[in-house]
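Novice: Give me the fold of what follows.
(chains A and B)
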Amino acid sequence: MWGTQTVRYDSVQVQDAASQWTTLTPADFLKLPLVQRIQLISGRKLRFLLAGAEVSPVDALKD
Amino acid sequence: MTTDATYDAAVLIAARSEERFQSRTHRVHAEADRLFGWLMLGQWAFAIALAMVYSPYGWEGKTRVLSPHVPLAVVLGGILSSLPVYLAFCHPGKTLTRHVIAVAQMLWSALLIHLTGGRIETHFHVFGSLAFLAFYRDWRVLLTATLVVATEHFLRGIFWPESIYGIVNPEWWRFLEHAFWVIFCDAFLILACIRGVNEMRELAEQGAHMEALAQAAWSNSPAKAAS
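Specialist: The predicted structure follows:
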């Protein structure tokens, strides 16, 4: 609601423990606990997408 | 890196993010405290000047007397400013400091309104003060200030209405009208405070995301493999 980050992606695919990919909206991704987000990022277990095309994590998260 | 090690590293990064958020929040509070410390001193000097200029020496018969507003501004102004100034410069960033400052700032509005004989324009000091208090980005401070100014208006409206409204017999509900505009102002300032805190939180978390990216890059780097 009060988020001010410029979102440079429109969906995030997250890999779970069973190696299944789940698609989240940016808002749902940012609602995940920070520790979980950090684990996903550092473990390279997510893909950022903009209009169906993959965006690099650095570009996706820079704002 | 094992799952446990990944989790531990993530917890450390999250802890650093929280530390950055707390540090930034403390800095915002401490800077606002110091600003109010100087404002308290400035208001004291202004109140004395106001009492001397606006309530000039009077004449009673052939004796020149000092307006009672001058010692009031000196003594009451000093009392109002002393504790907040001490806390602002000796204990900046503490919760108690900003709430004491909020109380004192509203009482300063009350004193200035009294010194100007309940002049309506001086009531604008209340709104300016609320805006300054919003620098803390702590909405609870605004609630403290609002409670003080509403109570003060209510009590003074009953016991000494001329001092606050400039007339002897205002409507009993006049304080409610003033309180309404204060709450109107608060509504926007509280939203701004919440938004400001969220922005600080997002900045801190963005730093954590960047650290996680750096960690991912390091884990897959040739340098890491060689070490």
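Novice: mind listing what the residue at minimal distance from the centre of chain A touches?
Specialist: Against the mean C-alpha coordinate of chain A, by Cα atoms, centre = their mean, the closest residue is A:Val12 at 4.1 Å. Taking Cβ atoms under 8 Å, 6 or more residues apart in numbering or on different chains, we find A:Val12 in contact with A:Thr23, A:Leu24, A:Thr25, A:Pro26, A:Asp28, A:Phe29, A:Leu46, A:Arg47, A:Phe48, A:Leu49. (Each C-beta comes from the backbone N, C-alpha and C, glycine too.)
Novice: Following element in sequence after the longest helix seen in chain A, please.
Specialist: The single longest helix within chain A, with elements called by DSSP state H, is helix A:34-42. Using DSSP states H and E, the helix or strand that follows helix A:34-42 in sequence is strand A:46-50.
Novice: on contacts alone, who are the packing partners of the longest helix anywhere in chain B?
Specialist: Longest helix in chain B by number of residues (criterion: DSSP H): helix B:3-54. Here helix B:3-54 touches helix A:34-42, helix B:69-90, helix B:95-115, helix B:124-133, helix B:174-219, going by 3 or more Cβ pairs under 8 Å, 6 or more residues apart in numbering or on different chains; DSSP states H and E.
Novice: make it 7 Å
Specialist: helix A:34-42, helix B:69-90, helix B:95-115, helix B:174-219 (3 or more Cβ pairs under 7 Å, 6 or more residues apart in numbering or on different chains; DSSP states H and E).
Novice: okay, the ones you listed in a markdown table with distance to B:Leu147 next?
Specialist: Formatted as a markdown table, the helices and strands packed on helix B:3-54 follow (distance: least, Cβ to Cβ, whole Å):
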| stretch | distance to B:Leu147 |
| --- | --- |
| helix A:34-42 | 35 |
| helix B:69-90 | 17 |
| helix B:95-115 | 9 |
| helix B:174-219 | 10 |
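Novice: And the ones you listed: which comes nearest B:Gln22?
Specialist: With Cβ to Cβ as the criterion, B:Gln22 lies closest to helix B:174-219 of the helices and strands packed on helix B:3-54, at 8.7 Å.
Novice: now check that closest one, is it near chain A?
Specialist: Yes: residues of helix B:174-219 contacting chain A under Cβ under 7 Å from any Cβ of the partner chain: B:194-195, B:198-199, B:202, B:205-206, B:208-210, B:212-213, B:215-216.
Novice: how close does B:Leu80 get to chain A?
Specialist: 35 Å (Cβ to the nearest Cβ, to the nearest Å).
Novice: And for B:Leu87?
Specialist: Going from B:Leu87 to chain A by Cβ to the nearest Cβ gives 31 Å.
Novice: Measure how buried that residue is and give me the count.
Specialist: Counted with other Cβ atoms under 10 Å in any protein chain shown, the neighbours of B:Leu87 add up to 21.
Novice: Isn't it up against B:Thr97?
Specialist: Yes: B:Leu87 is within contact range of B:Thr97, at 4.1 Å (criterion: Cβ atoms under 7 Å).
Novice: Please identify the member of the contacts of A:Val12 with the greatest number of neighbours.
Specialist: Busiest of the contacts of A:Val12 [other Cβ under 10 Å] is A:Phe48, holding 23 neighbours.
Novice: what's around the nearest residue to it once chain neighbours are set aside, how many residues?
Specialist: Nearest non-adjacent residue to A:Phe48, counting by Cβ to Cβ, 6 or more residues apart in numbering or on different chains: A:Ala60, 3.6 Å away. Applying other Cβ under 10 Å, we find 23 other residues in the vicinity of A:Ala60.
Novice: B:Ala73 too?
Specialist: For B:Ala73, the count of nearby residues is 26 (other Cβ under 10 Å).
Novice: tell me the contacts of it?
Specialist: Neighbour list for B:Ala73: B:Ala47, B:Ile48, B:Leu50, B:Ala51, B:Leu115 [criterion: Cβ atoms under 7 Å, 6 or more residues apart in numbering or on different chains].
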